[in-house]
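Undergrad: how would this look folded up:
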Amino acid sequence: MRILFLLTYYYPHWTGLTQYARRLAEGLAKKSLQIKVLTTRHESSLKSKENINGVEICRKPILFRLSRTLVSPSFIWAFWEEIKHSDKVVIYLPFAEVLLASIIGKILRKPIYLVHNGDLKLPDGIVNRLIEKFYYFSTEIAIILAKGIIIQTQDYGNSSKLLSKYKNKWKVILPLFEKRHISSIDTSKLKTKLFSNKKYTVGFAGRFVEEKGFDILLKAIPIVLHQLPNTQFIFAGETKVTYEDFFNQTKKLVDKNKSTLIIFGRLEESEMPSFYKLCDVFVISSRSDCFPSIGVEAMLAGVPLVVTDIPGARVQVMDTGMGKIVKSQDEQELAVGIIEVLNNKAKYIKNKEKAIEIYEYQKTLGQYQELFGKRI
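TA: Predicted coordinates:
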């Protein structure tokens, strides 16, 4: 069986979405399925064609950037050629060409599966509002035409203005996660950058954009320090985001906390397990977040969470009991949650085995195989 993946960004671009797509593509390739990824050449240094871990990758040149998406006129023509040789198509949302791709798939009678990774929410601005309207219009029609839409949790699906109308199309399957062994040697490089006189370490990570709510966490830091002054905060992630200058907008808050805040910047995917291992608690302070990979990765590394009470993200703690759920967009409640977990860490990490069971790699991969392996 030959499956074609379509998405705007792919490895080495680093987001939860691209990690999910890569793990699934490579996991299916290991099961002797032919997997090809059609994506954009988001960096000029990338090869147009290459094979990584059994996955054939084709990157098409971009003409220009529009907000978070990349426009590539040659993409659809390449898709037209590739779909003829494919049995099924998997499209990761958001995807600008999703409607046209779905129409082509319907005409050629090729099953299309959409993978939902969160409703599109862009920063303020007239252009962004128009982009959102077009996205919801085109994606709704694509859902109707698709064989199914893969969602990560019913919790997020029920709250989504895009998904809630099409429950008959839902295929609820978690993303893939790999549990990694981490030795003390792996963490030594990052550990040298920590403050040596601190007892507790609070971690957070991701793209520094408004929806991640890092400004709320920065406001919570003084409240935590008032009760636990020997606490440090460490961040891993991209601060210079091309489509949103949120880091500079919160620079005053960053500078205010510089005596207890360490910014590692973007770390390689292979370094992230070591980052989690440094933490006593990991915080997801998002305003909106469908199913953040960093939460599960932290739990699998043995680190409890504090997560805001938002659809999708809160499920990670609801299902495992490995952390605390707090009110969204409230720095006081966030600080109280952090203090609670730091003072009672043993209470939460005892549920690690439950997290390992829920996010077991082969079990989840089997669910995708069952979905894609059905007769056309």
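
Undergrad: Where does pLDDT dip in the chain?
TA: 67-68, 181-186, 374-376 (pLDDT under 70).

Undergrad: Domain boundaries for it, per the record?
TA: Here the domain parsing of the chain from automatic domain parsing is 2-176+361-373, 184-358.

Undergrad: Export the ones you listed as a markdown table, with columns for mean neighbour count.
TA: Heads up, the C-betas are built off the backbone N, CA and C, glycines and all. As requested, the domains of the chain are arranged in a markdown table below (neighbours: other CB atoms under 10 Å):
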| stretch | mean neighbour count |
| --- | --- |
| domain 2-176+361-373 | 18 |
| domain 184-358 | 19 |
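
Undergrad: Need the CA coordinates for stretch 205-221. CSV is fine.
TA: Presented in CSV, the C-alpha positions along stretch 205-221 are these (Å, rounded to 0.1, in the frame of the first residue of the first chain):
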residue,chain,number,x,y,z
ALA,A,205,8.6,24.9,26.1
GLY,A,206,7.3,25.6,22.7
ARG,A,207,7.0,28.4,20.1
PHE,A,208,6.9,31.8,21.9
VAL,A,209,3.5,32.8,20.6
GLU,A,210,0.4,34.3,22.3
GLU,A,211,-1.7,31.2,22.3
LYS,A,212,0.9,29.4,24.4
GLY,A,213,0.3,31.8,27.3
PHE,A,214,3.9,32.2,28.4
ASP,A,215,3.1,35.8,29.4
ILE,A,216,0.7,34.4,32.0
LEU,A,217,3.4,32.0,33.4
LEU,A,218,5.9,34.9,33.5
LYS,A,219,3.4,36.9,35.6
ALA,A,220,3.1,33.8,37.9
ILE,A,221,6.8,33.6,38.6
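
Undergrad: Listing partners with orientation, what would you give for the helix or strand where residue 36 lies?
TA: If you go by DSSP states H and E, residue 36 is part of strand 34-40. Applying DSSP bridges, strand 34-40 is found paired with strand 2-6 (parallel), strand 55-60 (parallel).

Undergrad: what separates the residue most central in space within the chain from residue 345, distance-wise?
TA: Centroid-nearest residue in the chain: residue 16, 2.3 Å away (criterion: CA atoms, centre = their mean). Distance, residue 16 to residue 345, by CB to CB, to the nearest Å: 25 Å.

Undergrad: what ranges do the helices span in the stretch 251-376 of the chain?
TA: Ranges of helices in the stretch 251-376 of the chain, per DSSP state H, counting those that start in this stretch, are 251-256, 272-277, 293-300, 315-320, 331-343, 345-349, 352-358, 361-373.

Undergrad: Residues contacting the fifth one, please?
TA: For helix 331-343, contacts defined as CB atoms under 8 Å, 6 or more residues apart in numbering pick out 200, 202, 216-217, 219-221, 223-224, 227-228, 231, 280-281, 283, 285, 304-306, 308, 323-327, 348.

Undergrad: what about that helix, distance to the chain center?
TA: 24 Å (CA atoms, centre = their mean, to the nearest Å).

Undergrad: what comes into contact with stretch 154-172?
TA: 113, 116, 118-119, 136, 139-140, 143-144, 146, 148-153, 290-291, 311-312, 314-315, 318, 371.

Undergrad: Narrow these to those in strands?
TA: Among those, the members falling in strands (DSSP state E) are 113, 148, 149, 150, 151.

Undergrad: thought residue 309 was touching residue 325?
TA: Yes - Residue 309 is in contact with residue 325 according to CB atoms under 8 Å; the separation is 5.1 Å.

Undergrad: got the end-to-end distance for stretch 336-354?
TA: One end of stretch 336-354 to the other measures 25 Å (CA to CA, to the nearest Å).

Undergrad: Please enumerate the strands of the stretch 151-300 of the chain.
TA: 170-172, 200-205, 231-236, 261-265, 281-284 (DSSP state E, counting those that start in this stretch).

Undergrad: name the helices or strands packed onto the third one?
TA: Using 3 or more CB pairs under 8 Å, 6 or more residues apart in numbering; DSSP states H and E as the contact criterion, the elements in contact with strand 231-236 are strand 200-205, helix 214-227, strand 261-265, helix 272-277.

Undergrad: Rebuild the ones you listed as CSV, extending it with distance to residue 87.
TA: Compiled in CSV, these are given as follows (distance: least, CB to CB, whole Å):
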stretch, distance to residue 87
strand 200-205, 37
helix 214-227, 42
strand 261-265, 41
helix 272-277, 34
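
Undergrad: out of the ones you listed, nearest to residue 3?
TA: Nearest of those to residue 3, taken as CB to CB: helix 272-277 at 27.3 Å.

Undergrad: helices or strands next to that closest one in the packing?
TA: Looks like helix 272-277 contacts helix 184-191, strand 200-205, strand 231-236, helix 293-300 (3+ CB pairs under 8 Å, 6+ apart).

Undergrad: how does it look with 7 Å?
TA: Counting contacts by 3 or more CB pairs under 7 Å, 6 or more residues apart in numbering; DSSP states H and E, helix 272-277 packs against helix 184-191, helix 293-300.

Undergrad: need the contact list for residue 61.
TA: 41, 72, 74 (CB atoms under 7 Å, 6 or more residues apart in numbering).

Undergrad: Enumerate every residue touching the last one.
TA: Taking CB under 7 Å, 6+ apart, we find residue 74 in contact with 60, 61.

Undergrad: Can you get me a residue count around residue 177?
TA: 21 (other CB atoms under 10 Å).

Undergrad: Excluding covalently adjacent residues, which one is nearest to it?
TA: Using CB to CB, 6 or more residues apart in numbering and skipping the chain neighbours, the partner closest in space to residue 177 is residue 359 (4.5 Å).
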